[in-house]
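Engineer: take this sequence and fold it.
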Amino acid sequence: MSTVINIQPVTRIEGHSRVAIYLDSNGNVADAKFHVMALRGFEKFTEGRLVEDMPRIVARIC
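Structural biologist: Have a look, this model is predicted:
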């Protein structure tokens, strides 16, 4: 039987989020997921861009 550890809310970040850690029957981490409850949408227009362009683009978002 697997166990799930939920950490909610996650602090020190903007917005609402949670972390779900899935443990296997031996107590080892089998999977971990980071859930963001609100979509700001700017991630979508950064897809396919060069990594060198990211600081210039996302620095003006906040």
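
Engineer: name the SS class of the residue nearest the centre of the chain, please.
Structural biologist: Nearest to the mean C-alpha position of the chain, by C-alpha atoms, centre = their mean, lies Phe34 at 4.0 Å. Three-state call for Phe34 (DSSP: H, G, I helix; E, B strand; the rest coil): strand.

Engineer: surely it meets Val19?
Structural biologist: Yes - if you go by C-beta atoms under 8 Å, Phe34 and Val19 touch, sitting 5.6 Å apart. C-beta: built from backbone N, CA, C; applies to glycine.

Engineer: common neighbours of the two, please.
Structural biologist: Val10 (C-beta atoms under 8 Å, 6 or more residues apart in numbering).

Engineer: can you give me the helices for this protein?
Structural biologist: Assigned by DSSP state H, the helices in the chain fall at 54-58.

Engineer: where does pLDDT dip in it?
Structural biologist: 1, 62 (pLDDT under 70).

Engineer: quick one, strands of it?
Structural biologist: Under the criterion DSSP state E, the chain contains strands at 3-7, 17-23, 29-36.

Engineer: possible to save those strands as CSV with distance to Val58?
Structural biologist: Listed next are the strands of the chain as CSV, based on distance: least, C-beta to C-beta, whole Å:
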stretch, distance to Val58
strand 3-7, 25
strand 17-23, 18
strand 29-36, 16
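
Engineer: just say which of the ones you listed is most tucked in.
Structural biologist: strand 17-23 (a mean of 15; mean count of other C-beta atoms under 10 Å).

Engineer: and the contacts of that strand?
Structural biologist: For strand 17-23, the surrounding residues in contact (C-beta under 8 Å, 6+ apart) are 2-10, 29-37.

Engineer: what about it, distance to the chain center?
Structural biologist: 10 Å (C-alpha atoms, centre = their mean, to the nearest Å).
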